[in-house]
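Trainee: Return atomic coordinates for the entry below.
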Amino acid sequence: MSSFKIFDIAGSGLSAQSVRLNTVASNLANADSVSGDPKTVYKARHPVFEAVKASVAAQALGSAPGTDAANTAVRVRGIVESTAQPTERYEPGNPLANQDGNVYSPNVNVIEEMTDMISASRAYQNNVEVMNTSKDLMLATLKLGST
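Mentor: Numbering: from 1, shown residues only. Predicted coordinates:
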């Protein structure tokens, strides 16, 4: 495996965690929104990740196969909406209430979202550290050859 491949791997992790952080931010931003119709209320979204094997990644990227790395990238396969039912509340004074006086809140659990945000943030930081450490090791190797 090329020494530079580590940047591709960590970079794909950074990209995936960035998508994860954006979906968490979207979920938190819409946690308090309401609707008069349960079909139109905001639904929590979550990214689905997929590990891309070295041989598959080589074919997809057009590079030569032959690397022995078990996984060469992580890819966001898609973003799925939660199927949990929205919360129904009786608020007849709300302008968005339906004819029965009910409004519907999204199925966003703020505590779970905050936990997911912390996890994604730490994974992002770890990938940045991998890149920085690899860069430092490569620079140290180059300095060895110039002494």
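Trainee: Please count neighbours and contacts with C-alpha atoms only from this point.
Mentor: OK.
Trainee: what does stretch 72-90 contact?
Mentor: With contact meaning C-alpha atoms under 8 Å, 6 or more residues apart in numbering, stretch 72-90 is reached by 5, 8-10, 12-13, 16, 19, 38, 41, 43-54, 57, 101-107.
Trainee: So which of those belong to strands?
Mentor: Under the assignment DSSP state E, the contacts of stretch 72-90 contribute 45-53, 102-105 to strands.
Trainee: Quickly note the distance from the residue sitting nearest the centre point of the chain to Gly13.
Mentor: In the chain, the C-alpha nearest the mean C-alpha coordinate belongs to Arg20, at 1.9 Å (C-alpha atoms, centre = their mean). Counting by C-alpha to C-alpha, to the nearest Å, the gap from Arg20 to Gly13 is 10 Å.
Trainee: ok, how many other residues are close to Thr83?
Mentor: 10 (other C-alpha atoms under 10 Å).
Trainee: ugh, wrong one, Tyr104
Mentor: What Tyr104 shows, counting by other C-alpha under 10 Å, is a neighbour count of 25.
Trainee: For this structure, give me the ranges with low pLDDT.
Mentor: 1-2, 54-71, 147 (pLDDT under 70).
Trainee: Buried members of the contacts of stretch 72-90 into PyMOL, please.
Mentor: Only the buried entries of the contacts of stretch 72-90 go into this PyMOL selection, using 16 or more other C-alpha atoms under 10 Å:
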select buried, resi 9+10+12+13+16+19+38+41+43+44+45+46+47+49+52+54+57+102+103+104+105+106+107
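Trainee: Of the ones in strands among the contacts of stretch 72-90, which is the nearest to Asn30?
Mentor: Ser105 (9.3 Å; C-alpha to C-alpha).
Trainee: Thought Arg20 was touching Pro47, still the case?
Mentor: Yes - the pair Pro47 / Arg20 is scored as a contact, 6.1 Å apart, by C-alpha atoms under 8 Å.
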